[in-house]
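>>> give me a 3D structure for the following:
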Amino acid sequence: MFLNSKLWLKTSIINLLLVAILGLLMRYKIGFEFPFLDQKHLQHSHSHFAFSGWISHTLMVLMIGFLEYKIKKTEIQFIKKYNLLLITNLICSYGMLISFIIQGYGAISILFSTSSIVIACVFTFFYFKDLKLISHEDLSKNWFKASLFFNVISSLGTFALAYMMVSKNIQQNEYLSSIYFYLHFQYNGWFFFACMGLLISFLQLKKAENLFFNKTFWLFFVSCIPAYFLSTLWLKLPTWIYVLTLLSALIQTVTWFKFLFVIIKLKSNFLEKYPLVLRYILFFVGVALSLKFILQLGSTIPALSQLAFGFRPIVIAYLHLVLLAIISLFLLFYIYVNQLITFNKKVKNGIIIFTIGVLLNEIILAIQGIASFSYTLIPFVNEMLFGAAIILVSGIGIIAFYSLKKVKNSPML
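Numbering: from 1, shown residues only. Reported below is the predicted structural model:
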C-alpha cells in the first residue's frame, strides 16, 4: 500500500488557488469599495491557510513520498498514520480558513491553530523515527530533520502571540517580535530546509561528489537561529547580538553562492532532459533566492534596516518574494518535474501565467516600497496590484483545473 500522493497534491493545488483568491479579495478591498468582511480577519485567514493548507501540507506529502521511495516501506500502519496526520492537518487548515474570516483571533481560530501545531509536533515525532531507517550518507536526511526542528521552534512565536491576543495585553515590540519569530523559523527554517532537502534529493547530490555539500547544511543550520535577529534590527540590540546577526547573514550569503557555483559546475547537464519551462522556473527560483540573501545581508546596514521595517510595502514585498517567488514556485516545479501530477501543455501555460503574476506582483511592490522612502505616491498602485492578483489567480486556476481534469499520461513536454 502506497500513499496516494497524487490525490494529496491535487488538494495542495486547490488550496493554493484558495490562498490566491483570498489574496485577490484583499487586494480588491484595498483598491475598491467592498464593505463586507474584515480586512484584518481576511489577512489572518490568508496567511494561516497559506502556511498550513498549502505549504506545510505539500511539504509533508513530499517528505512522506521521499521516505517511501528511500525505504520502500509500504505496510498499512506506515501509510495509515501519515494519512491520518494529513487529514487532521487539512481539517485544522480549513478550520482556520473559515474561523479567522469570521472572528479573527478568537476561541475557535486559536483552537484550530493550536491543534495544527500539535499535529506538526506529532508528524515530527513519527518522521524523526522513520528517518532512522535512512542511511547517514543521504544528504537530505539532515535537512529534513532540521526543517521539522525549526517548525516546532516556530510555534513559540505563535503561543506568545495567542497569549497576547487572549489577555489583551499587547506591547508593540513584543507583538512584532513574536510575529517575526514565527515567520523567520517558518520561512527560513521549516520551509527553506525542507525545500533544500527535496532539491538535494532531486539533484541526487552525494557527499562524495563535493565535501562542501555537507558543510552547506551545517553552515545554514548554525546561522539560522541568530539570523532571527535580522527581523528585529529595528530594536535596540546589544552590540554583540548585532555582530552575531551580521555574521549569520554573511555566512548564509557566501554559503548560498558557493553552493550554487558547485551545483552549476557539477550538474550543468542534469536538467536537460526536463521541460524547458520547468528549467526556467528553477532558474527563476534560484535568482529570487539569491536576491533574498543579498537583501538579507543589506538589511544589516542600520540605516537601511530602519527604512525597510518602517514601510509596510517593503515588508510585504520581501515576504511575498520568499513565499511566492521561492517556496511556491519551487514546490510547483518539484511536483511537475517529478510527474507527481501529470504535466501537460495547459498546466504549462498556467505555470507561465502564474509566474508572470508573481513577477509583476514583486515589481509593483518593490516600486511602491522604494517610492515610499521619499513618501512618493505611485498612481493606481492598488489597481495594478489587483491586476497582478488577477493574473496570479488565473494562472493557478488553470493549473488547478487541468491538474484535476483526467488526462492520459503524456510524455514530458
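>>> now Lys236: phi and psi?
phi -80, psi 90 (degrees, to the nearest 10).
>>> sorry, wrong one. I was asking about Leu139.
phi -70, psi -30.
>>> next, count neighbours for the nearest residue to it once chain neighbours are set aside.
Once flanking residues are discounted, Leu139 sits nearest to Ile200: 4.9 Å by CB to CB, 6 or more residues apart in numbering. Quick note: C-beta positions are derived from backbone N, CA and C, even for glycine. By other CB atoms under 10 Å, 22 other residues sit near Ile200.
>>> relative to the whole chain's centre, how far out is the one helix or strand Ile200 maps to?
Element membership of Ile200 [criterion: DSSP states H and E] is helix 192-203. Remark: helix 192-203 is offset 13 Å from the chain centroid, using CA atoms, centre = their mean, to the nearest Å.
>>> same question for stretch 199-215.
Worked out by CA atoms, centre = their mean, stretch 199-215 lies 22 Å from the chain centre.
>>> export that stretch as PDB, just CAs?
Only the C-alpha atoms of stretch 199-215 are listed here, as PDB (Å, rounded to 0.1, in the frame of the first residue of the first chain):
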ATOM      1  CA  LEU A 199      16.200  19.800  -4.000                       C
ATOM      2  CA  ILE A 200      19.200  17.700  -2.900                       C
ATOM      3  CA  SER A 201      17.200  14.500  -3.300                       C
ATOM      4  CA  PHE A 202      16.000  15.600  -6.800                       C
ATOM      5  CA  LEU A 203      19.600  16.500  -7.900                       C
ATOM      6  CA  GLN A 204      20.900  13.300  -6.400                       C
ATOM      7  CA  LEU A 205      23.700  15.000  -4.600                       C
ATOM      8  CA  LYS A 206      26.200  12.900  -2.700                       C
ATOM      9  CA  LYS A 207      28.800  13.700  -0.100                       C
ATOM     10  CA  ALA A 208      31.500  12.100  -2.200                       C
ATOM     11  CA  GLU A 209      30.900  14.500  -5.000                       C
ATOM     12  CA  ASN A 210      31.900  17.500  -3.100                       C
ATOM     13  CA  LEU A 211      32.700  18.000   0.600                       C
ATOM     14  CA  PHE A 212      31.000  21.400   0.600                       C
ATOM     15  CA  PHE A 213      27.600  19.800   0.300                       C
ATOM     16  CA  ASN A 214      27.700  18.600   3.900                       C
ATOM     17  CA  LYS A 215      29.300  21.900   5.100                       C
END
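>>> just the buried positions in stretch 204-216, please.
Using 16 or more other CB atoms under 10 Å as the test for burial, stretch 204-216 gives Leu205, Asn210, Phe213, Thr216.
>>> any idea how far the last one lies from Asp38?
What that stands for is Thr216. The gap separating Thr216 from Asp38 is 44 Å, by CB to CB, to the nearest Å.
>>> with the first one instead?
Here the distance between Leu205 and Asp38 works out to 47 Å (CB to CB).
>>> mind giving me the packing neighbours of the helix or strand just after the helix holding Ile200?
Counting by DSSP H and E, the next helix or strand C-terminal to helix 192-203 is helix 212-224. Packing partners of helix 212-224 (3 or more CB pairs under 8 Å, 6 or more residues apart in numbering; DSSP states H and E): helix 140-167, helix 192-203, helix 239-266.
>>> elements contacting the last one?
It refers to helix 239-266. helix 212-224, helix 276-298.
>>> nearest to Leu235, of the buried residues of stretch 204-216?
Thr216 (30.1 Å; CB to CB).
>>> please name the residues that touch the residue nearest to that closest one when sequence neighbours are not counted.
Sequence neighbours aside, Phe259 is the residue nearest to Thr216 in space, at 4.8 Å (criterion: CB to CB, 6+ apart). Phe259 is in contact with Phe212, Phe213, Thr216, counting by CB atoms under 8 Å, 6 or more residues apart in numbering.
>>> hmm, the first one is touching Ile263, no?
By that I understand Phe212. No: using CB atoms under 8 Å, Phe212 makes no contact with Ile263, being 10.1 Å away.
>>> low-confidence ranges in the stretch 151-300 of the chain?
Across the stretch 151-300 of the chain, the ranges flagged by pLDDT under 70 are 165-168.
>>> show me where the stretch 251-400 of the chain has its helices.
With DSSP state H, counting those that start in this stretch as the criterion, the stretch 251-400 of the chain has helices at 276-298, 302-310, 312-320, 329-337, 345-373, 381-404.
>>> got a list of contacts for the first one?
Where contact means CB under 8 Å, 6+ apart, the residues beyond helix 276-298 that reach it are 227, 230, 249-250, 252-253, 256-257, 260, 271, 304, 318, 321-322, 325-326, 329-330, 332-333, 336-337, 343, 348, 351-352, 355, 359, 413.
>>> buried residues in it?
So for helix 276-298, counting by 16+ other CB under 10 Å, buried means 277-279, 281-282, 284-286, 288-289, 292-293, 295-297.
>>> and it, how far from the chain's centre?
Centroid displacement of helix 276-298 relative to its chain, using CA atoms, centre = their mean, is 14 Å.
>>> relative to helix 239-266, how tilted is that helix?
With axes from the mean of the first three to the mean of the last three CA atoms, to 10 degrees defining the directions, helix 276-298 sits at 160 degrees from helix 239-266.
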